[in-house]
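S.K.: need a 3D model of the following:
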Amino acid sequence: MTVSEELYSVGQVAERLGLHVRTVRNYVREGRLKAVRIGKQYRIAGEDLAAFTGRPAAAFRDPPVRRNRHVEVSSIVEIDAISPDTANRMTSLLVGAANSRIGGELASRVETLYNEERAHMKIIVVGLMESNAKFFQLIGAVLES
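M.R.: Sure thing, here's the model as predicted:
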């Protein structure tokens, strides 16, 4: 759809012009702003809005929305038969890695839980896929040492 074929609702026109919806509706009813009635609603063509305001029709278009895809992964790692010292070392390493910034933003968030009675550790990692993969390598390295 080209700018000249763009149709706006009364609400959209009101927002773009900084007016109340009733004011725009009154302009339409008085014939000051040309509109087409579709069902129970008015639609205003971009050309008619441009003629009404004296601004180019392109000035009323919404800028294109730019969306960056963001993929996050939540992972839970459970480790049995882990000593309190190894669990503490693991926690320090993972929290330190999580607090380091990659590209200006936190790469991942990490929570650790340790049950000393069961010698069981649970690690929760939430972050970008690439970052989480590095956390798994760190976990593996600590367990192998």
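
S.K.: with adjacent residues omitted, what lies nearest to Pro25?
M.R.: Just so we're on the same page, residue 25 is Arg rather than Pro. Closest residue to Arg25 apart from its sequence neighbours, by CB to CB, 6 or more residues apart in numbering: Val10 at 5.4 Å. Every C-beta, even on glycine, is put in place using the N, C-alpha and C of the backbone.

S.K.: wait, Asp80
M.R.: Per CB to CB, 6+ apart, closest to Asp80 is His120, 5.5 Å.

S.K.: show me where this structure has its strands.
M.R.: Counting by DSSP state E, one finds strands in the chain at the ranges 7-9, 36-38, 41-45, 72-79, 101-102, 105-106, 108-115, 120-128.

S.K.: got any ranges where this protein has weak pLDDT?
M.R.: Low-confidence segments of the chain (pLDDT under 70): 1-4, 101-107.

S.K.: okay, now the domains of it?
M.R.: 3-60, 72-144 (automatic domain parsing).

S.K.: distance check, the residue lying closest to Leu33 once chain neighbours are set aside against Ala14.
M.R.: Among residues not flanking Leu33 along the chain, Tyr27 sits closest, at 4.0 Å (CB to CB, 6+ apart). Tyr27 is 10 Å from Ala14, where distance means CB to CB, to the nearest Å.

S.K.: and for Arg89?
M.R.: From Arg89 to Ala14 the distance is 62 Å (CB to CB).

S.K.: how about the helices in this protein?
M.R.: When secondary structure is read from DSSP state H, the chain shows helices at 10-17, 21-30, 46-53, 84-99, 129-144.

S.K.: mind putting the ones you listed into a markdown table with distance to Pro63 and mean neighbour count?
M.R.: Converted to a markdown table, these look like this (distance: least, CB to CB, whole Å; neighbours: other CB atoms under 10 Å):
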| stretch | distance to Pro63 | mean neighbour count |
| --- | --- | --- |
| helix 10-17 | 12 | 18 |
| helix 21-30 | 22 | 16 |
| helix 46-53 | 15 | 18 |
| helix 84-99 | 36 | 15 |
| helix 129-144 | 30 | 14 |
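
S.K.: so which of those helices comes closest to Val110?
M.R.: With CB to CB as the criterion, Val110 lies closest to helix 84-99 of the helices of the chain, at 4.3 Å.
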